[in-house]
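>>> Give me a model of this one.
(one chain, ligands or ions: 1)
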Amino acid sequence: MNFSKVCVIGLGYIGLPTAATFATHNIQVIGVDINPEVISILLNGGLHISEPGLRVLVQDALQSGRLMIGSTPEDADAFIIAVPTPFKEYEHGSYNGQAYRLADMRAVTSAAESIVAYLRPGNLVVLESTSPPRTTVDLVGPILEQSGLKAGSDFYLAYTPERVLPGKIIQELTENARVIGGIDEASAQAGRDLYAHFVKGEILLTDATTAEMVKLMENTYRDVNIAIANEFSRLAKRLGVDIWEAIDIANRHPRVKILNPGPGVGGHCISVDPWFLVEAAPDQTQLISAARHVNDEQPHFVMKLIKEIIGDDLSGKRIAALGLAFKPDVDDLRESPAIEVVKLLAEAGAIVHAYEPYKLDADIPGVSTVATLVDAIRDADLLLLLVGHRELKELEPSRMLELTPTRLAVDTVGGWEGKSWTKAGFKVIRLGVGK
Ligand SMILES: NC(=O)c1ccc[n+]([C@@H]2O[C@H](COP(=O)([O-])OP(=O)(O)OC[C@H]3O[C@@H](n4cnc5c(N)ncnc54)[C@H](O)[C@@H]3O)[C@@H](O)[C@H]2O)c1
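Model prediction:
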């Protein structure tokens, strides 16, 4: 199938690089967003998101004249939906007394609705947003059919998940293997014809629901494996074992790869996507649901470690919270467990001085974010390592002695070498270390 014009709905971390990449591969693109601020920034040559290489890519695309930006869709050969799919903030499901989160599909619904008036026979529509299984068939298809056209016979409909890593999006967009699931074979093949314009990785064709499930399985697999590492860390603490040593030894087994425990699981993918599977079949997903709960409880487990070293009454205690991002060496704070911990500390009356080297202006109610490491540590009653940023792991304990009179530390990520801190005069509790 031939494509000369593509309309991309949603110009965020996924939609904008996708739109610009099509445009730099000889396709005419109209990029659409409902947020007027996004449109105005892009039309003025700016960028509303930060991603290495994106500025140059978008500039090239705009200068080529093949990328246009607008607030409503236009006629096109293909439509791509790349809008957010968070979970609902206040509404929960419940199964056997256990709560689970529900997907908020309003953006996908309104994006699909916005296409209806422009849909023509022979068009292809592709959903890229991470979605609960059967969304393409049960939600997007029926909305598009309000056009009077029938999915599968009058237009093609497919799902392709995005598996890029923030920080490497531009490279991975073209190089990663891509799964494309059609509501029928012809739709999957139409999807391949479209993405083959720029994808250099393998393109795997399947049906739409399998493609949706593949994406959710990938992130759920990681979530469950982190949950078991977190549970191991709790056991190790109780049984007098050093979890970091135990994992290191266990991973010498040729078929074992235990992940690292930590203060929880964050980011807007791994901590969200497993709930889409739970919502789809709460009676079949006890393990997935339990893993989510284990990971969500981990900040509370960290609070226990803090109380163990500093006492139950945290009011007025000065805590230097080091790192807020959801993983090392990124500036992304979305769903970060470190933020959960600092919020719990603030609720307990502690005076939190948080230092996030990648986002100095982070705004968290009840928490002061400080501009330097020294500002965080000076006069702190406790040093709390929440993220394994390189700068924080490399902290030299002997340099901290004069800044912190009490010399107490909690390491939640296995970032500090216990012996050197003890030698320097600190009392240290490390997550998962019971000896
Ligand atoms: N960011 C990632 O690294 C990543 C990786 C894999 C998958 N995903 C998935 O991709 C999807 C998009 O994520 P993102 O990170 O690009 O989101 P984002 O929040 O960065 O951007 C989404 C954009 O869509 C716009 N939008 C919302 N509703 C719209 C509508 N009805 N019409 C037009 N525009 C609309 C928003 O204004 C926003 O600019 C999500 O389902 C996400 O889970 C993201």
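>>> Could you use CA atoms for every contact and neighbour count after this?
Fine.
>>> who's in contact with whatever residue of the stretch 251-400 of the chain ends up closest to the ligand?
The stretch 251-400 of the chain approaches the ligand most closely through residue 269 (5.9 Å), counting by C-alpha to the nearest ligand atom. For residue 269, the contact set (C-alpha atoms under 8 Å, 6 or more residues apart in numbering) comprises residue 219.
>>> Which helix in this structure has the most residues?
In the chain, ranked by residue count with DSSP state H as the criterion, the top helix is helix 208-239.
>>> so does that helix get close to the ligand?
No: Helix 208-239 stays clear of the ligand (C-alpha under 6 Å from any ligand atom), getting no nearer than 8.5 Å.
>>> Near the ligand, which residues of this structure are found?
Proximity of the chain to the ligand (C-alpha under 6 Å from any ligand atom) is limited to residues 9-15, 32-35, 82-85, 107, 110-111, 129-130, 162-166, 269.
>>> Give me the subset of those lying in helices.
Per DSSP H, the residues of the chain next to the ligand map to helices at 15, 107, 110-111.
>>> from these, which is closest to residue 349?
For residue 349, the nearest member of those is residue 107. The distance, counting by C-alpha to C-alpha, is 38.0 Å.
>>> Quick check: the closest one touching residue 83?
Yes: counting by C-alpha atoms under 8 Å, residue 83 is a contact partner of residue 107 at 6.0 Å.
>>> Quick check: residue 77 touching residue 123?
Yes: contact status for residue 77 versus residue 123: in contact at 5.1 Å, counting by C-alpha under 8 Å.
>>> can you count the residues close to the closest residue to residue 426 other than its chain neighbours?
Nearest residue to residue 426, sequence neighbours excluded (C-alpha to C-alpha, 6 or more residues apart in numbering): residue 407, at 4.8 Å. Residue 407 has 22 neighbours, counted by other C-alpha atoms under 10 Å.
>>> can you tell me how far residue 398 sits from residue 425?
8 Å (C-alpha to C-alpha, to the nearest Å).
>>> got it, and residue 298?
Taken as C-alpha to C-alpha, the span from residue 298 to residue 425 is 28 Å.
>>> ok, these two, which is more surrounded?
Applying other C-alpha under 10 Å to residue 298 and residue 425 shows that residue 298 carries more neighbours, namely 23 against 15.
>>> what helix or strand does that one sit in?
When secondary structure is defined by DSSP states H and E, residue 298 falls within helix 286-310.
>>> That helix: what's the following helix or strand?
Taking DSSP H and E, what comes next after helix 286-310 is strand 318-322.
>>> Which positions within the following helix or strand past that next one qualify as buried?
Remark: after strand 318-322, the chain's next helix or strand is helix 337-347, criterion DSSP H and E. Buried positions in helix 337-347, judged by neighbour count with 16 or more other C-alpha atoms under 10 Å: 337-343, 345-346.
>>> Repeat that for stretch 392-399.
For stretch 392-399, burial by neighbour count (16+ other C-alpha under 10 Å) applies to 392-393, 397.
>>> Which of the residues you listed fall in helices?
Per DSSP H, these map to helices at 392-393, 397.
>>> sorry, back to before: dump the ones in helices among the residues of the chain next to the ligand into JSON lines; add pLDDT and neighbour count as well.
Converted to JSON lines, those look like this (pLDDT from 0 to 100; neighbours: other C-alpha atoms under 10 Å):
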{"residue": "15", "pLDDT": "98", "neighbour count": "22"}
{"residue": "107", "pLDDT": "98", "neighbour count": "18"}
{"residue": "110", "pLDDT": "98", "neighbour count": "13"}
{"residue": "111", "pLDDT": "98", "neighbour count": "24"}
